[in-house]
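> Okay, sequence plus prediction incoming.
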Amino acid sequence: MGSDKASLILDGKMLIEIVVNNLKEGGFSQIVVSVRDFKQSEWIKNIFENNVETVIDSDDSKGIWDVLKFSLPSNEIVQIVSVDSPWFDGKSIRQLTSVLKRNSGKIGVVPWSKDGPEPLLMQVKSSNLLEIMSNSKPIQLRKFVNSKNFKELNWKELTNPNALKNLNYPHDLPN
């Protein structure tokens, strides 16, 4: 999670509130937020009245690879969403769930933008992902998910045309 992005306001709500609501609308009842420290953990817990769990990133974490490897629960379907993507709504999440069910032999479903895979919006079977990660050297997630183990969902197939917009890209920001 970005340093202060979670508290940025969009349409009258903090980004973290939008993303958590999107996850709930997408059918996920257990929400876990990766945070950088205890202070941020307490802030998140207070916002959601302890209805959201937090995982504090390790000081020796080497990026998102380690965060996923050491914080994902096992035997779960997990939706990964960054606060940078508040437009990835419940409808988009349900679409990934549907695609994953139809592709049961895959580890997960990864939306693909015009620029390639968007692993920070993927939905995965956590045990399968963790097994492959534990047998692999850390590599860039975009390269890791660009394999036959993952179902590609082309951006043109997404029912929400704004789903892959990202706050880090100025051309994606609302006027």
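Arrived safely, thanks for sending.
> Next, the buried residues of the helix ranked longest in the chain.
Taking DSSP state H as the criterion, the chain has its longest helix at helix 90-102. By neighbour count, with 16 or more other CB atoms under 10 Å as the criterion, the buried positions of helix 90-102 are 90, 92-93, 95-97, 99-100. Backbone N, C-alpha and C define where each C-beta goes, glycine included.
> okay, the residues you listed in JSON lines with distance to Val109 and pLDDT next?
As requested, the buried residues of helix 90-102 are exported to JSON lines (distance: CB to CB, whole Å; pLDDT from 0 to 100):
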{"residue": "Gly90", "distance to Val109": "16", "pLDDT": "97"}
{"residue": "Ser92", "distance to Val109": "11", "pLDDT": "97"}
{"residue": "Ile93", "distance to Val109": "10", "pLDDT": "98"}
{"residue": "Gln95", "distance to Val109": "9", "pLDDT": "98"}
{"residue": "Leu96", "distance to Val109": "5", "pLDDT": "98"}
{"residue": "Thr97", "distance to Val109": "8", "pLDDT": "98"}
{"residue": "Val99", "distance to Val109": "5", "pLDDT": "98"}
{"residue": "Leu100", "distance to Val109": "5", "pLDDT": "98"}
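> gap between the helix or strand hosting Met133 and the chain center?
Assigned by DSSP states H and E, Met133 falls within helix 126-134. The chain centroid and the centroid of helix 126-134 are separated by 16 Å under CA atoms, centre = their mean, to the nearest Å.
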